[in-house]
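Participant: using only what follows, build the 3D model:
(one chain, ligands or ions: 1)
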Amino acid sequence: MKLELRSLSKKFNKNHLFKNLNLSIAEGETVAITGANGSGKSTLLKIISGLIAPQKGEIIISINQHTINKEDYHKHINICAPYVDLIEDFTLEEHLNFHSQYKKPIDINFLLEELKNCGLEPHRHKLVREFSSGMKQRLKLILTCCFNGEILLLDEPGSHLDESGKNWYKRIINKRVNNSITLIFSNDVNEYISFTEKIVNIEALKH
Ligand SMILES: Nc1ncnc2c1ncn2[C@@H]1O[C@H](COP(=O)(O)OP(=O)(O)OP(=O)(O)O)[C@@H](O)[C@H]1O
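Facilitator: Modelled structure (predicted):
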C-alpha cells in the first residue's frame, strides 16, 4: 500500500497554507506533520481524507499497484480528530455495534483487549454524552486503531489524555504501525517521536 501526495497546494482566499507539497508514504511508515497553530495541518488531513479539495495537486492511494477510487477512500482511511463527532446518544456498546456495521473490527479479541487496556471496558453501558473528554478521546482512538482501515490520520491524538492515556496511545499505535500508513498531525513531539523520524513542517511549504 502507498499514499502519495502530488504537488498539493491549498489557500483560503489569498492565504496560501502550503504550495507544492509532495510526499510518498509506504506501508509501515509514519510521518509527523507539524506547524504552528493555523498553519494548515487539519486542512491537509481533510484534503487527504477527501473532505475538502486542494487548489492543485492530487492524492493517490494504491494497493498492489492498483489505484483506489476516491469513492472507496473511506474504507481505507481511519480518522481520529477533534472535529470527528461521536454519537452522544449511544452507549459505548451501541457505538461499537453501529461502527461495526460499516467497518469490521480487525480482530474482535484485539478490540476487547484494548477496551480493557484503555479503561473503557467497565463503561460499556454508559452513554457517550456522559463520558469525560479523555474517555471520548480513548473511544476515538479505539475506533481508529481497532477497526479496518490501513491509513491512520491522527490529529492531535494525545489531546485530553492523562499520563496513563498517553502511554496507552503509544502502545496501541505501536501495535498498528507495521501494517499501516500513519500520519500524526501535531506540534507535541511526544505524540510522534517514538514512531517516526520523518517530520514534515508544513510552514516550510508556505511560499
Ligand atoms: N473553511 C475555511 N475557510 C476559510 N479559512 C479556513 C477554513 N478552514 C481553515 N481555515 C484557515 O486555514 C488556516 C489553517 O487552519 P487549520 O485548522 O488547518 O490549521 P492547524 O495547523 O490545524 O491549526 P491548529 O494547530 O490550531 O489546530 C487557518 O488560518 C484557518 O483560519
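Participant: any idea of the mean pLDDT in the host helix or strand of Leu44?
Facilitator: With elements taken from DSSP states H and E, the one containing Leu44 is helix 41-48. Per-residue pLDDT over helix 41-48 has a mean of 96.
Participant: and that helix, anywhere near the ligand?
Facilitator: Yes: Helix 41-48 lies within reach of the ligand by CB under 6 Å from any ligand atom, at 41-43. In short, each C-beta sits where N, CA and C put it, glycine included.
Participant: I'd like the residues you listed as CSV, with distance to Gly149 and neighbour count appended.
Facilitator: As requested, these are exported to CSV (distance: CB to CB, whole Å; neighbours: other CB atoms under 10 Å):
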residue, distance to Gly149, neighbour count
Lys41, 20, 26
Ser42, 19, 17
Thr43, 21, 20
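Participant: of those residues, closest to Asn190?
Facilitator: Of all the residues of helix 41-48 next to the ligand, Asn190 sits closest to Lys41, with 16.3 Å by CB to CB.
Participant: without its sequence neighbours, what residue ends up closest to the closest one?
Facilitator: Phe185 (4.2 Å; CB to CB, 6 or more residues apart in numbering).
Participant: that neighbour reaches Leu154, doesn't it?
Facilitator: Yes: using CB atoms under 8 Å, Phe185 makes contact with Leu154 at a distance of 6.8 Å.
Participant: residues near Thr144, how many?
Facilitator: 22 (other CB atoms under 10 Å).
Participant: mind checking the SS state of it?
Facilitator: What DSSP: H, G, I helix; E, B strand; the rest coil gives for Thr144 is helix.
Participant: roughly how far does it sit from the ligand?
Facilitator: Counting by CB to the nearest ligand atom, to the nearest Å, the separation of Thr144 from the ligand is 18 Å.
Participant: so where's the chain shaky on pLDDT?
Facilitator: Along the chain, no part satisfies pLDDT under 70.
Participant: for it, list the residue farthest from the centre, please.
Facilitator: Ranked by distance from the centre of the chain (CA atoms, centre = their mean), the top residue is Lys14, with 28.3 Å.
Participant: quick check: phi and psi at that residue.
Facilitator: Main-chain dihedrals, Lys14, degrees, to the nearest 10: phi -100, psi 10.
Participant: quick one: contacts for the residue most central in space within the chain?
Facilitator: Nearest residue to the geometric centre of the chain (CA atoms, centre = their mean): Leu153, 2.2 Å. Residues in contact with Leu153, defined by CB atoms under 8 Å, 6 or more residues apart in numbering, are 45, 48-49, 77-81, 183, 185.
Participant: confirm that it sits in a helix.
Facilitator: No: the assignment for Leu153 (three-state DSSP) gives strand, which keeps it out of a helix.
Participant: distance of it relative to the ligand?
Facilitator: Taking CB to the nearest ligand atom, one finds Leu153 at 12 Å from the ligand.
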